[in-house]
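S.K.: after the sequence you'll find the predicted model.
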Amino acid sequence: MVASFQQRLQEVNPEFETFERLQTVQVNLGNLCNLYCTHCHVNASRRGTEMMEVDVIDQIVRFLGDHPGLTLDITGGCPEMNPNFRYLIEQTEGKAPRRMVRSNLAIMAEPGWEWLPEFCRSHGLVIVGSLPCYLEENVDQQRGSGVYQKSIKVLKRLNELGYGSELELDLVFNPGGDYLPGRQQALEAAYKAELTANFGIVFNHLFTITNAPIGRFREHLEAAGSYADYLRLIAGRFNPETAGAIMCRTLISIDYQGKVYNCDFNQALDMPVAADDGSALFISELDGGGMAGRKIALSQHCYCCTAGEGSSCTGALAA
Ligand code: SF4
Ligand code: SF4
């Protein structure tokens, strides 16, 4: 029996289960994706039909305009495949000092998508690329055959365009199975050594992210009979030093319909932030300060954020 995450958090500090101060608006453009990864928590695929439309994008643009200084973090699915991706980037120009695109990299090597690297550069976007290992076999096992070579080709192109030097290029590691990531600093050093030695590739930071026991990864754990063990693993490695830094204290996540969540994991679990009348809160109804002091919707999957060095969309919390 695994103790309640909410209780563990309260024991460290009752304030940690409330929202602190808005810094990042994460926007999920939908569940369409060119890949089909085993660890995917949003069940994205080529069959994805959820797609953020222009009216919701306009609400987000308005929100960013009304609350200057926020980071915009764009995710999916494969966010670039949303037909309104360009529109979002063009409309948020000058409205968020830091705009990050979470890319699976391989999309930029697909026929018809070769314009993406230049487009990202011309808009000064930070690219956060998934590369769950520096070894080909492990990447292809998790993401599909040929994905590693496509990712390497794209990373080289991004380097040519100034990514990794003048423009920020970060990579994301996540474990290939039901174990925790190694230490972020050491992994980053290993990635840098391998990618530079083998391909001359440079990048800025490596973010280690713990797999959340939800979505396709949960299905995989259940099929292997290891869901309970994984939950016990992440709960057993609860690190109180990470508790106050969980990203949901400073980030909101918006789905394709404009609903507000505490994070992308809660979004995948359909656990929206509740408005005062108990219904789901929409970005069109939210004021930036309106999140302060709100209780975060916590559940047992939250243990993935506080295990070991901790985990967030920008990597470890106590590295
Ligand atoms: S993990 Fe990312 S790249 Fe892989 S299927 Fe899911 S959304 Fe697509
Ligand atoms: S899963 Fe989401 S709500 Fe739970 S602790 Fe992590 S960021 Fe917060």
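M.R.: Great, that's in hand. Ligands and ions are numbered 1, 2, ... in the order given.

S.K.: setting aside sequence neighbours, what's the nearest residue to Q257?
M.R.: What sits nearest to Q257 in space, not counting adjacent residues and going by Cβ to Cβ, 6 or more residues apart in numbering, is V56, at 6.5 Å. Where you see a C-beta, it was placed from the backbone N, CA and C, and this is true even at glycine.

S.K.: what helix or strand does the residue nearest to H123 when sequence neighbours are not counted sit in?
M.R.: Leaving aside its sequence neighbours, H123 sits nearest to I89 (Cβ to Cβ, 6+ apart; 5.2 Å). Using DSSP states H and E, I89 maps to helix 85-91.

S.K.: where is the longest helix in this protein?
M.R.: In the chain, assigned by DSSP state H, the helix with the most residues is helix 184-199.

S.K.: just the strands in this protein please.
M.R.: Secondary structure of the chain (DSSP state E): strands located at 24-28, 71-75, 98-103, 126-130, 169-173, 205-208, 251-254, 260-261.

S.K.: got JSON lines for the ones you listed, with mean neighbour count and mean pLDDT too?
M.R.: Formatted as JSON lines, the strands of the chain follow (neighbours: other Cβ atoms under 10 Å; pLDDT from 0 to 100):
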{"stretch": "strand 24-28", "mean neighbour count": "23", "mean pLDDT": "98"}
{"stretch": "strand 71-75", "mean neighbour count": "23", "mean pLDDT": "98"}
{"stretch": "strand 98-103", "mean neighbour count": "22", "mean pLDDT": "98"}
{"stretch": "strand 126-130", "mean neighbour count": "23", "mean pLDDT": "98"}
{"stretch": "strand 169-173", "mean neighbour count": "23", "mean pLDDT": "97"}
{"stretch": "strand 205-208", "mean neighbour count": "22", "mean pLDDT": "98"}
{"stretch": "strand 251-254", "mean neighbour count": "25", "mean pLDDT": "98"}
{"stretch": "strand 260-261", "mean neighbour count": "25", "mean pLDDT": "98"}
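
S.K.: so for ligand 1, which of those sits nearest?
M.R.: For ligand 1, the closest of the strands of the chain is strand 126-130, at 6.0 Å, according to Cβ to the nearest ligand atom.

S.K.: packing partners of the closest one?
M.R.: Counting contacts by 3 or more Cβ pairs under 8 Å, 6 or more residues apart in numbering; DSSP states H and E, strand 126-130 is packed against strand 98-103, helix 147-160, strand 169-173.

S.K.: counting by contacts, list what the longest one packs against.
M.R.: When you say that, I think you mean helix 147-160. So helix 147-160, by 3+ Cβ pairs under 8 Å, 6+ apart, packs with helix 116-122, strand 126-130, helix 136-143, strand 169-173, helix 184-199.

S.K.: flag every buried residue along that helix.
M.R.: Applying a neighbour-count criterion of 16 or more other Cβ atoms under 10 Å, one finds 147-148, 150-152, 154-155, 157-159 buried in helix 147-160.

S.K.: whichever residue of the stretch 101-250 of the chain sits closest to ligand 2: what's it in contact with?
M.R.: Ranked by Cβ to the nearest ligand atom, the top residue of the stretch 101-250 of the chain for proximity to ligand 2 is C248, at 3.2 Å. By Cβ atoms under 8 Å, 6 or more residues apart in numbering, the contact set of C248 is 19, 262-263, 266, 296, 305.

S.K.: any chance of those residues in TSV, plus pLDDT?
M.R.: TSV is the format used below for the contacts of C248 (pLDDT from 0 to 100):
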residue	pLDDT
F19	96
N262	98
C263	98
N266	97
I296	97
C305	98
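
S.K.: who are the contact partners of the closest residue to ligand 2 within the stretch 1-150 of the chain?
M.R.: Closest to ligand 2 within the stretch 1-150 of the chain is F5: 7.4 Å, counting by Cβ to the nearest ligand atom. Going by Cβ under 8 Å, 6+ apart, F5 touches 235, 298-300, 302-303, 306.

S.K.: how close does it sit to ligand 1?
M.R.: 23 Å (Cβ to the nearest ligand atom, to the nearest Å).
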